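Peer 1: Here's a sequence, model it:
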Amino acid sequence: MAQAVANHMIAHEEGGSIINMASIMAHRASLEIAAYCASKAAIEQLTKALAVEVAKKGIRVNALAPGFIPTDMTRDYLKMDETLRGGKVKRAIPVGRYGEIHELDGPLLLLASDVGSFMTGSTLVVDGGQSSYIDG
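Peer 2: Predicted coordinates:
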């Protein structure tokens with residue numbers, strides 16, 4: 001999708017911003033989700049490679065890597081963690097809670113707007129400090 005959007009922007013001589021969705025699981029490993037972790041790491045590398053290819057065309061390519069935020073995809077897992085594991089995932093987040101979807105608004109606006117005009121090839125991690133926490 002990112003390549004198709006970049007090609008469209010180039011064909012129409014438009015600059016712009018492409019934001020890929022990664023995850024903190026690009027930087028961590030976990031049981032039973034090896035393919036997910038690998039795919040998110042690949043998204044980050046694709047972001048970097050595409051960023052250097054299209055930068056001179058005025059196109060920025062970045063990624064957002066959220067931590068644990070209850071969504072349709074994660075809600076059941078996080079409920080299971082609370083009941084079966086006593087909140088092990090939540091305890092591994094230094095701020096002491098899961099994120100909320102609206103907390104991605106600011107980071108997305110940074111990556112999408114001219115405020116982030118010197119950012120390309122970057123991954124912005126929004127995870128309550130979890131990926132920085134060695135015991136997490």
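
Peer 1: show me where the protein has helices.
Peer 2: Along the chain, counting by DSSP state H, helices occupy 2-11, 34-54, 75-84, 88-91, 105-112.

Peer 1: For T123, which of these is the nearest?
Peer 2: Evaluated over the helices of the chain, closeness to T123 peaks at helix 34-54, with 5.2 Å, by C-beta to C-beta. Where C-beta positions appear, they are placed from N, C-alpha and C, glycine not excepted.

Peer 1: Okay, angle between that closest one and helix 2-11 too, please.
Peer 2: On the basis of axes from the mean of the first three to the mean of the last three C-alpha atoms, to 10 degrees, helix 34-54 is oriented at 10 degrees to helix 2-11.

Peer 1: what's the spacing between helix 34-54 and its chain's center?
Peer 2: With C-alpha atoms, centre = their mean, to the nearest Å as the basis, helix 34-54 stands 10 Å off its chain's centre.

Peer 1: Show me what that helix is packed up against.
Peer 2: Here helix 34-54 touches helix 2-11, strand 16-21, strand 59-66, going by 3 or more C-beta pairs under 8 Å, 6 or more residues apart in numbering; DSSP states H and E.

Peer 1: Pick out the residue nearest the middle of the chain.
Peer 2: A65 (1.9 Å; C-alpha atoms, centre = their mean).

Peer 1: isn't it right next to A22, touching?
Peer 2: Yes - counting by C-beta atoms under 8 Å, A65 touches A22, with 4.1 Å between them.
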